[in-house]
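K.L.:
3D, please:
(chains A and B)
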Protein chains: 2
Amino acid sequence: MKNENVLLLDGSKVAGEIKDQLQVRVNQLKENGITPCLATILVGDDPSSATYVKMKGNACKRIGMISKRIDLPKETTTQELLDVIVELNNDSSVHGILLQHPVPEQIDERAAFEAISIEKDVDGVTSLGFGQTALGFGEYPSCTPAAILEIIDYYKLPIEGKHAVVIGRSPILGKPVSMLLLNRNATVTTCHSRTQNLPELVKQADIIVAAVGKANFVQGDWVKEGAVILDAGYNEGNVGDVDYEACLPKASAITPVPGGVGPVTISMLLKQTVAAAEKLV
Amino acid sequence: MKNENVLLLDGSKVAGEIKDQLQVRVNQLKENGITPCLATILVGDDPSSATYVKMKGNACKRIGMISKRIDLPKETTTQELLDVIVELNNDSSVHGILLQHPVPEQIDERAAFEAISIEKDVDGVTSLGFGQTALGFGEYPSCTPAAILEIIDYYKLPIEGKHAVVIGRSPILGKPVSMLLLNRNATVTTCHSRTQNLPELVKQADIIVAAVGKANFVQGDWVKEGAVILDAGYNEGNVGDVDYEACLPKASAITPVPGGVGPVTISMLLKQTVAAAEKLV
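P.N.:
Numbering: from 1, shown residues only, chains lettered A, B, ... in the order given. Down below sits the predicted model:
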């Protein structure tokens, strides 16, 4: 099916423009003797985690940032990981720290996230960062929620007074995006695996955020005519959480997968790292 | 109108039982040489704030806790208030700190809240405390949200899978109660002054939390047959945010005002202060 009136929310285009802006800011920082540096920590050898970390590192390098990569063996203990994080917290040449999720199960991931100092929490994983974001003064929200808002704003789609339905409630996606939308004056319904009558709830949404991690989960007949759809999912086979073909005819605007929320998420990570470095000027 | 099948959620009864339990815990602490102490800070001379602080102090004393009251003049600066808070943070005889809201307008209230150390944030006002609560491991949620959950649990009302509609999004009420309900597997819609079609949204609720600060705001015809109503409002003339008489015939359970959420809120403050003191044993 086709929908000639739909607005395709082109994340690659948004990311490209942000990259150009960041390039300028990185050059200015370098003139001041500062090269922004993102440290990425990968524990173990999960192939898709390794791919993500590599993509983030490459994106840093493309705009002249330093990507400091720390690879730890899959047997790493919580204490060993905490030691690495503390070292990075104390390293003044590092401006942002990203611990790639998920970590091997023997590690207390929450403890590791909490150890990242708020000044370097450019990936928005600490509870303090979440709290500041939720209360409206956080500097570095989680990157995927930040990307979703960035795309909405880039295309000047209204948020205030709209009913947003968020499917998912994870600490780095569903919960923070709910709070960001709420702070922008949307009415927000947060749904999850225990939600009853999910299709009925989604059908009320002016803005749908799919953040559930299930391929093609959101069905065409769940979507109200004219809804804006943001698909934050990325599942095996390069598919999102939204059944794109089925939802396209209903939507007024929609992100594709790939090329939607994903590229902008990486942009947000870089942007927040650059912002952290700029505080030192 | 009457409703013989309605369950009256008696906050005074819940508070009474908590008081008895706390009395035992306070006595045990005293045997260990610790008397739990709540410091309350009142800036200025707003009469209703003074009344609240007095009620909280009296509640402490009734169960043998120490209430340390700090009254500051209405001209107090942010820095002066911060100095007082830091002193209380460092005072090992103080286990909990409550800064009575609102403070005079020349003070940066957020900065003052943020200065309270997390170990003594028994009123749940810091962004760190909020973040921990939202992510599911907070020890001291804001007291009114905690009271709402306490009442629901006391009366064994189910939360999981229910649709909760929260009216209000303040940092110490609407937002944290939304998060607490979400963490208990409710589907949560958070509404506010910019929400469109509020009556229609409220009508879907299995659980209604009114936290808007407007007398008799929630109307009878907004309420679905069988809804559970928690009224966290307390407005001039001793009335809540819910039009009680109009909503009573529809509700399966409802809190009165006064005698509903209010008394349990004070109990939560004491309970969390006692818990903070118990960490020293």
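K.L.:
Pull the contacting residues for A:Glu17.
P.N.:
A:Tyr154 (Cβ atoms under 8 Å, 6 or more residues apart in numbering or on different chains). For the C-beta atoms, the positions are set from N, CA and C on the backbone; glycine is no exception.
K.L.:
Please name the nearest non-neighbouring residue to the residue most central in space within chain A.
P.N.:
The residue lying closest to the centre of chain A (Cα atoms, centre = their mean) is A:Thr144, at 1.5 Å. Nearest non-adjacent residue to A:Thr144, counting by Cβ to Cβ, 6 or more residues apart in numbering or on different chains: A:Thr265, 4.8 Å away.
K.L.:
What is the neighbour count of A:Val6?
P.N.:
Neighbour count of A:Val6, defined by other Cβ atoms under 10 Å in any protein chain shown: 17.
K.L.:
Can you find the residue of the stretch 1-150 of chain A that comes nearest to chain B?
P.N.:
Closest contact between the stretch 1-150 of chain A and chain B, by Cβ to the nearest Cβ, is at A:Gly131 (2.9 Å).
K.L.:
Write out the residues of the stretch 151-281 of chain A neighbouring chain B.
P.N.:
Contact residues (Cβ under 8 Å from any Cβ of the partner chain) of the stretch 151-281 of chain A with chain B: A:160-161, A:163, A:169, A:171, A:175, A:178-179, A:182, A:185, A:187-192, A:194-196, A:201.
K.L.:
among the residues you listed, which are in helices?
P.N.:
Members of those lying in helices (criterion: DSSP state H): A:175, A:178-179, A:182, A:201.
K.L.:
Output those residues in a markdown table; the columns should cover neighbour count and pLDDT.
P.N.:
Below are these laid out as a markdown table (neighbours: other Cβ atoms under 10 Å in any protein chain shown; pLDDT from 0 to 100):
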| residue | neighbour count | pLDDT |
| --- | --- | --- |
| A:Lys175 | 28 | 98 |
| A:Ser178 | 31 | 98 |
| A:Met179 | 29 | 98 |
| A:Leu182 | 25 | 98 |
| A:Leu201 | 20 | 98 |
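K.L.:
Identify the farthest-apart pair in these.
P.N.:
A:Met179 and A:Leu201 (18.6 Å; Cβ to Cβ).
K.L.:
Output the host helix or strand of the residue nearest to A:Thr144 as CSV, restricted to C-alpha atoms.
P.N.:
Element membership of A:Thr265 [criterion: DSSP states H and E] is helix A:261-278. Output of helix A:261-278 as CSV, limited to C-alpha atoms (Å, rounded to 0.1, in the frame of the first residue of the first chain):
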residue,chain,number,x,y,z
VAL,A,261,15.6,6.8,14.9
GLY,A,262,18.9,4.8,14.8
PRO,A,263,21.2,7.2,13.0
VAL,A,264,20.0,10.1,15.1
THR,A,265,20.6,8.2,18.3
ILE,A,266,24.3,8.1,17.5
SER,A,267,24.2,11.8,16.6
MET,A,268,22.8,12.5,20.1
LEU,A,269,25.6,10.6,21.7
LEU,A,270,28.1,12.6,19.8
LYS,A,271,26.3,15.9,20.4
GLN,A,272,26.1,15.3,24.2
THR,A,273,29.8,14.4,24.3
VAL,A,274,30.7,17.6,22.4
ALA,A,275,28.5,19.5,24.8
ALA,A,276,30.4,17.9,27.8
ALA,A,277,33.7,18.9,26.2
GLU,A,278,32.5,22.4,25.6
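K.L.:
pLDDT on that helix, on average?
P.N.:
Mean pLDDT, computed over helix A:261-278, is 98.
K.L.:
can you check stretch A:190-198 too?
P.N.:
98.
K.L.:
thinking A:Ala253 is in contact with A:Asn5, fair?
P.N.:
No: judged on Cβ atoms under 8 Å, A:Ala253 makes no contact with A:Asn5 at a distance of 9.8 Å.
K.L.:
who has more neighbours, the two?
P.N.:
Neighbour count, other Cβ under 10 Å: between A:Ala253 and A:Asn5, A:Ala253 has more, with 19 against 10.
K.L.:
Now the phi/psi pair for that one, please.
P.N.:
Here is the backbone geometry of A:Ala253 (degrees, to the nearest 10): phi -160, psi 140.
K.L.:
Contacts only, for it.
P.N.:
A:Ala253 touches A:6-9, A:155, A:157, A:228-229, counting by Cβ under 8 Å, 6+ apart.
K.L.:
Excluding chain neighbours, give the residue nearest to it in space.
P.N.:
A:Leu7 (4.0 Å).
K.L.:
Let me know the pLDDT of that neighbour.
P.N.:
98.
K.L.:
can you pull out the helices in the stretch 51-200 of chain A?
P.N.:
With DSSP state H, counting those that start in this stretch as the criterion, the stretch 51-200 of chain A has helices at A:78-90, A:109-115, A:127-134, A:143-154, A:174-183, A:198-202.
K.L.:
of all those, which lies closest to A:Ile63?
P.N.:
Among those, helix A:143-154 sits nearest to A:Ile63 (Cβ to Cβ), with 15.9 Å.
K.L.:
If you average the pLDDT over the closest one, what comes out?
P.N.:
98.
K.L.:
Return the residues of the stretch 1-150 of chain A in contact with chain B.
P.N.:
A:110, A:126-132, A:134-135, A:137-138.
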